[in-house]
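**Q** what's the 3D shape of this:
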Amino acid sequence: MNNRKKLQDQVAIITGASSGIGAGIAKALAAEGAKVVVNYSSSADKAEKVLKEITDAGGEGFTFKANVGKEPDVIKLFEETIKRYGTVDILINNAGLQNDAKFHEMTLDQWNHVINTNLTGQFLCAREAIKEFLKRGVVPSKSRSAGKIICISSVHEVIPWAGHANYAASKGGIMMMMKTIAQEYAPMKIRVNSIGPGAIKTPINHAAWQTQAAYNNLLKLIPQKRIGEPEDVGGAAVWLASDDSEYVNGITLFVDGGMLLYPGFEDNG
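**A** I've put the predicted structure just below:
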């Protein structure tokens, strides 16, 4: 019987992994044998807590502070990972934030803040990952792919979101960047895909589920009638990072309980 885990001996960088979706993905990848780098930008204590949960469960990893919107930080993140573990096999491009405003009141700083982290940060990390994948190539004992990138996008790469133009624009940009680099590097056996979460129970959207009234209102948008958990995204990330999805390239896998099924029409036929 083969007890080898799906991501055994692979090295994964997860950006923005100190809480929420990033933390859920880090735990899921570690449970499948990956050595994980828990990246954070400010919450060292939260990152260490995530790492402790991983190591207590028998996993391996380390934490690293880096602002993904700053090129020197990203370069150091990859240099330290390669120094410790020899390479990088998986990048989870997860770090993201919101800074909401009505469009006519949105400042340039609010626009740049979101675009710099959500989109430029993913560009910088993906670029460094692809450099390492091209340098190393395929290691058949670990994976049939030379490397895997998973960009965390959102249902809002498809669904417009009034009051969140900077966020929606960043996610639409992630979608086209992901597809373009997937096309460009598929011949080199590098796979690039996205996960598009819907409503997931994380700190970034706490106001949307903190009260029963808010929760019930949110469920009107979700045919499956429950809010998602970080573990739901973690399972999808394991699949996209593993050889189970080796022939999957350039897609967004929506993990949204059916939010993209336009639930406003469910009783309007």
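**Q** Can you report how many residues lie near Asn116?
**A** 17 (other C-beta atoms under 10 Å). Where C-beta positions appear, they are placed from N, C-alpha and C, glycine not excepted.
**Q** Give me the nearest residue to it, chain neighbours excluded.
**A** In space, and not counting its chain neighbours, Asn116 is closest to Gly69: 4.1 Å by C-beta to C-beta, 6 or more residues apart in numbering.
**Q** Leu29 too?
**A** Nearest non-adjacent residue to Leu29, counting by C-beta to C-beta, 6+ apart: Ala12, 4.9 Å away.
**Q** Quick check: next helix or strand after the helix or strand hosting the one you found?
**A** If you go by DSSP states H and E, Ala12 is part of strand 11-14. Past strand 11-14, further along toward the C-terminus, the next helix or strand under DSSP H and E is helix 20-31.
**Q** Run the chain-centre distance for that next one.
**A** Computed by C-alpha atoms, centre = their mean, to the nearest Å, the chain-centroid distance of helix 20-31 equals 10 Å.
**Q** follow-up on the earlier one: who are the contact partners of the residue nearest to Leu29?
**A** Contacts of Ala12 were listed using C-beta atoms under 8 Å, 6 or more residues apart in numbering, and they are Ala26, Leu29, Ala34, Lys35, Val36, Val37, Val88, Asp89, Ile90, Leu91, Ile92, Ala241.
**Q** Quick one: residues contacting the residue nearest to Asn116.
**A** Gly69 touches Asn116, Thr117, Thr120, Gly121, Leu124, counting by C-beta under 8 Å, 6+ apart.
**Q** Apply 10 Å and report the result again.
**A** Gly69 makes contacts with 41, 95, 97, 112-124, as judged by C-beta atoms under 10 Å, 6 or more residues apart in numbering.
**Q** What count of nearby residues applies to Pro160?
**A** 9.
**Q** rewinding a little: could you look up the SS state of the residue nearest to Asn116?
**A** Applying DSSP: H, G, I helix; E, B strand; the rest coil to Gly69 yields a three-state assignment of coil.
**Q** same question, Phe64
**A** Phe64 ends up strand, using three-state DSSP.
**Q** any idea how far Gly147 is from it?
**A** 19 Å (C-beta to C-beta, to the nearest Å).
**Q** Looking at the two, which one has more neighbours?
**A** Neighbours around Phe64 and Gly147, counted as other C-beta under 10 Å, are more numerous at Gly147. The numbers are 27 against 20.
**Q** just to revisit the earlier point, how far away from the center of its chain is the strand holding Ala12?
**A** The chain centroid and the centroid of strand 11-14 are separated by 11 Å under C-alpha atoms, centre = their mean.
**Q** show me where pLDDT drops low in this protein?
**A** Along the chain, the parts satisfying pLDDT under 70 run over 1-2, 204-210, 268-269.
**Q** pull the longest helix from it.
**A** Ranked by residue count and defined by DSSP state H, the top helix of the chain is helix 165-185.
**Q** From the contact counts, what lies against that helix?
**A** strand 90-93, helix 108-115, helix 121-136, strand 147-152, strand 190-197, strand 252-255 (3 or more C-beta pairs under 10 Å, 6 or more residues apart in numbering; DSSP states H and E).
**Q** Most tightly packed of those?
**A** strand 90-93 (a mean of 30; mean count of other C-beta atoms under 10 Å).
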